[in-house]
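K.L.:
compute the structure for the input listed below.
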Amino acid sequence: MSEEKKEKIVVDNEHKHVQHVEPYTPQFGTMIPSSGQKFMRTCVIWQLFRFIAINIKMTVLIIKSHH
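P.N.:
So this is what the prediction gives:
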């Protein structure tokens, strides 16, 4: 056996207790986005609006900090 194979076997034996969970299953433990959330994340118009709003907030913050 080559050394790479020996190392792989050692690593696999050390992590036998780790169980892999498929994504988007109840065992995964994360929230699944609703259709509305998916739309808001991919809507270019909404993203442009949020970009402008965040830039305005940053500009106001910077202007206030200079006085």
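
K.L.:
quick one: average confidence on the helix or strand where Leu48 lies?
P.N.:
Under DSSP states H and E, the secondary-structure element containing Leu48 is helix 44-65. In this model, helix 44-65 carries a mean pLDDT of 96.

K.L.:
how about residues contacting it?
P.N.:
Met40 (Cβ atoms under 8 Å, 6 or more residues apart in numbering). Placement of C-beta: from N, CA and C, glycine included.

K.L.:
grab the CA positions of it and hand them over as PDB.
P.N.:
Extracted in PDB, the C-alpha atoms of helix 44-65 (Å, rounded to 0.1, in the frame of the first residue of the first chain):
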ATOM      1  CA  VAL A  44     -32.700  42.600  -9.300                       C
ATOM      2  CA  ILE A  45     -35.000  45.500  -8.600                       C
ATOM      3  CA  TRP A  46     -35.200  44.700  -4.900                       C
ATOM      4  CA  GLN A  47     -31.400  44.300  -4.700                       C
ATOM      5  CA  LEU A  48     -31.000  47.700  -6.400                       C
ATOM      6  CA  PHE A  49     -33.400  49.300  -3.900                       C
ATOM      7  CA  ARG A  50     -31.600  47.800  -1.000                       C
ATOM      8  CA  PHE A  51     -28.200  48.800  -2.400                       C
ATOM      9  CA  ILE A  52     -29.400  52.500  -2.700                       C
ATOM     10  CA  ALA A  53     -30.900  52.400   0.800                       C
ATOM     11  CA  ILE A  54     -27.800  51.000   2.400                       C
ATOM     12  CA  ASN A  55     -25.600  53.600   0.600                       C
ATOM     13  CA  ILE A  56     -27.900  56.400   1.800                       C
ATOM     14  CA  LYS A  57     -27.600  55.100   5.400                       C
ATOM     15  CA  MET A  58     -23.800  54.900   5.100                       C
ATOM     16  CA  THR A  59     -23.600  58.400   3.700                       C
ATOM     17  CA  VAL A  60     -25.700  59.900   6.500                       C
ATOM     18  CA  LEU A  61     -23.600  58.100   9.100                       C
ATOM     19  CA  ILE A  62     -20.400  59.400   7.500                       C
ATOM     20  CA  ILE A  63     -21.700  63.000   7.300                       C
ATOM     21  CA  LYS A  64     -22.800  62.900  10.900                       C
ATOM     22  CA  SER A  65     -19.300  61.600  12.000                       C
END
